[in-house]
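Participant: Predicted coordinates and the sequence they were generated for:
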Amino acid sequence: MSRSVLIALLLALAAASSVATVLIVNSRNTGEPALTEERAAREEFFGSNKELPPIEDGQEMRPRW
């Protein structure tokens, strides 16, 4: 097998796997929000289902130890 044929086969395999990945990911999108489990766990733990407040300007995201 020549080198150009081998490269073409590898490119075709990469393209086919990319298409298969996109199709699998899109088929799992059923229209429901993806974070329902996370939101339910947050509501159970914190006692509220509201979103966390946005980070204010100048506020650090890491805790102060």
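Facilitator: Sure thing, it's come through.
Participant: ok, longest helix in the chain?
Facilitator: Taking DSSP state H as the criterion, the chain has its longest helix at helix 3-27.
Participant: Centre of the chain to that helix, how far?
Facilitator: Remark: helix 3-27 is offset 21 Å from the chain centroid, using Cα atoms, centre = their mean, to the nearest Å.
Participant: Helix or strand next in line after it, which one?
Facilitator: Counting by DSSP states H and E, the next helix or strand C-terminal to helix 3-27 is helix 36-46.
Participant: Relative to residue 17, how far out is residue 55?
Facilitator: Separation of residue 55 from residue 17 (Cβ to Cβ, to the nearest Å) stands at 38 Å. C-beta: built from backbone N, CA, C; applies to glycine.
Participant: Please tell me the pLDDT value assigned to residue 64.
Facilitator: pLDDT recorded at residue 64 is 63.
Participant: do you know how far residue 4 is from residue 11?
Facilitator: 11 Å.
Participant: try residue 24
Facilitator: Distance, residue 24 to residue 11, using Cβ to Cβ: 21 Å.
Participant: Please could you give me each C-alpha atom of the lowest-mean-pLDDT helix or strand in the chain, formatted as PDB?
Facilitator: Using mean pLDDT, DSSP states H and E, the weakest-scoring helix or strand in the chain turns out to be helix 36-46, at a mean of 78. The C-alpha trace of helix 36-46 is given here as PDB (Å, rounded to 0.1, in the frame of the first residue of the first chain):
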ATOM      1  CA  THR A  36     -31.700  18.500  36.200                       C
ATOM      2  CA  GLU A  37     -29.900  16.100  38.500                       C
ATOM      3  CA  GLU A  38     -27.500  18.800  39.500                       C
ATOM      4  CA  ARG A  39     -30.300  21.200  40.200                       C
ATOM      5  CA  ALA A  40     -32.200  18.600  42.200                       C
ATOM      6  CA  ALA A  41     -29.100  17.800  44.300                       C
ATOM      7  CA  ARG A  42     -28.500  21.600  44.900                       C
ATOM      8  CA  GLU A  43     -32.100  22.100  46.000                       C
ATOM      9  CA  GLU A  44     -31.900  19.100  48.300                       C
ATOM     10  CA  PHE A  45     -28.600  20.200  49.800                       C
ATOM     11  CA  PHE A  46     -29.100  24.000  50.000                       C
END
